[in-house]
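Novice: kindly return the folded structure for what I paste below:
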Amino acid sequence: MAGGKYTKTDLINSIYDATGIEREDVKKVVDLMIQELKDAIADGKTVELRGFGTFEARTRKGRARARNPRTGEPVVVRSHSVPYWKPGRELKREVWNLPPENEPDGQENGAGS
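Specialist: Numbers count the residues shown, from 1 in each chain. Got it, this is the predicted structure:
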């Protein structure tokens, strides 16, 4: 699949098509896996899926002075955690040669005819 979105429903359907396991059972497993990942990250654990990537929570330092971009009003931002994902080596290799979305296939930047 080139470009576009690939949703959780697409994932469930692909697993169903490949395995023949009941769609409702596949959905339960996918939902459970996602919940387990979220729970582990929220507990401060690093989740590593070899070849795919590493998930973790990282701390963002707060600021005593910041501005609300919408209103311009000064606000205090306290330190907080944000989810972070680092792609794995195998995924990086598979994605490396994908053509950019805004260029037709086979055309390089700056390459003339």
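Novice: for the closest residue to Thr19 other than its chain neighbours, give its distance to Arg89.
Specialist: In space, and not counting its chain neighbours, Thr19 is closest to Val26: 7.4 Å by Cβ to Cβ, 6 or more residues apart in numbering. In short, each C-beta sits where N, CA and C put it, glycine included. Distance of Val26 to Arg89, computed by Cβ to Cβ, to the nearest Å: 28 Å.
Novice: that older thread, what separates the helix or strand harbouring the residue nearest to Thr19 from the chain centre, distance-wise?
Specialist: According to DSSP states H and E, Val26 maps onto helix 23-42. Distance, stretch centre to chain centre, for helix 23-42: 15 Å (Cα atoms, centre = their mean, to the nearest Å).
Novice: contact partners of that helix?
Specialist: Residues from elsewhere that reach helix 23-42 (Cβ atoms under 8 Å, 6 or more residues apart in numbering): 8, 11-13, 15-16, 19, 47, 55-57, 83.
Novice: which one of Val26 and Arg89 has more residues nearby?
Specialist: Set Val26 next to Arg89 and count neighbours by other Cβ atoms under 10 Å: Val26 wins out with 20 against 11.
Novice: in three-state terms, label the most centrally placed residue in the chain for me.
Specialist: By Cα atoms, centre = their mean, the chain has its centre lying nearest to Trp85, at 6.5 Å. Following DSSP: H, G, I helix; E, B strand; the rest coil, Trp85 is assigned to strand.
Novice: thinking again about what came up before, output the contacts of helix 23-42 as CSV; include the columns secondary structure and neighbour count.
Specialist: Output for the contacts of helix 23-42, formatted as CSV (DSSP: H, G, I helix; E, B strand; the rest coil; neighbours: other Cβ atoms under 10 Å):
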residue, secondary structure, neighbour count
Lys8, helix, 11
Leu11, helix, 13
Ile12, helix, 19
Asn13, helix, 14
Ile15, helix, 17
Tyr16, helix, 16
Thr19, helix, 10
Val47, strand, 15
Phe55, strand, 18
Glu56, strand, 17
Ala57, strand, 16
Pro83, strand, 12
